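Mind folding the following:
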Amino acid sequence: MDEELTNDDHLRALAALEAVVQNKDGALEVLAGGAHERPLAALLAAYGQHTLHRVLLAAFGIEATMTHDGTGQRVEELNGDPMARIVFLLTDSLHHQAVLAGDDLVTAKRIGGSILLAIHAFTHADNQDALTLLHALRNEALRAG
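Sure, this is the predicted structure:
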């Protein structure tokens, strides 16, 4: 189940993913957060799960306006799909890595890299395309905030 992410969480995660794409470790250090913020590895794992689940919903045509029966049928198809099950396994694995990582930024960076690779698997985006996508997601988060 998706963890609740605030608008600030979305923005921080997107900034961290941009830093991963651009290989800016100094930016990751700044984004590591303080005592009252979720560790960056845990935030990225939660954001990755949220984003990849949204990608799966879109890929399977599951929308909020669908009938109960229509949604049920599509969710059954999603749950039976090997690629979807691999995505669920990946996001679960990222959460386990994050728990072990704590405040370790090297692991947070690797989690971010895994999320970007998973997004690439669906979109075929290169690093420049990934930055464009991340900027669009940041603009969406800013409009929602």
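
C-alpha only now, for contacts and for neighbours.
Fine.

The helix or strand hosting D8: which residues count as buried?
If you go by DSSP states H and E, D8 is part of helix 7-21. Neighbour counts over helix 7-21 (16 or more other CA atoms under 10 Å) mark 7, 9-21 as buried.

can you check stretch 137-145 too?
Neighbour-count burial for stretch 137-145 flags R138, A141 (criterion: 16+ other CA under 10 Å).

The residue lying farthest from the centre of the chain is in what secondary structure piece?
Within the chain, D69 marks the point farthest from the mean C-alpha position, 28.3 Å out by CA atoms, centre = their mean. Using DSSP H and E, the element containing D69 is helix 68-80.

go on, A45?
helix 40-59.

Report the mean per-residue pLDDT for that helix.
When pLDDT is averaged along helix 40-59, the result is 92.

So what touches the lowest-mean-pLDDT helix or strand in the chain?
One helix or strand of the chain scores below all others by mean pLDDT, DSSP states H and E: helix 127-144, with a mean of 82. By CA atoms under 8 Å, 6 or more residues apart in numbering, the surrounding residues in contact with helix 127-144 are N7, H10, L11, L14, L17, E18, V21, L116, H120.

what angle separates that helix from helix 7-21?
With axes from the mean of the first three to the mean of the last three CA atoms, to 10 degrees as the basis, helix 127-144 and helix 7-21 are set at 170 degrees to each other.

Which elements pack onto the strand or helix carrying G26?
Here G26, judged by DSSP H and E, is contained in helix 25-31. On a contact count with 3 or more CA pairs under 8 Å, 6 or more residues apart in numbering; DSSP states H and E, helix 25-31 meets helix 7-21, helix 105-123.

Please point out which parts of that helix sit buried.
L28, L31.

before we move on, what about stretch 82-98?
Quick answer for stretch 82-98 (16+ other CA under 10 Å): A84, V87, F88, L90, T91, D92, L94, H95, Q97, A98.

How about stretch 93-113?
94-95, 97-98, 101, 103, 105, 107-113.

for G33, helix, strand, or coil?
In three-state terms, and counting by DSSP: H, G, I helix; E, B strand; the rest coil, G33 is coil.

That one contacts P39, doesn't it?
Yes. If you go by CA atoms under 8 Å, G33 and P39 touch, sitting 6.9 Å apart.

Much appreciated, bye for now.
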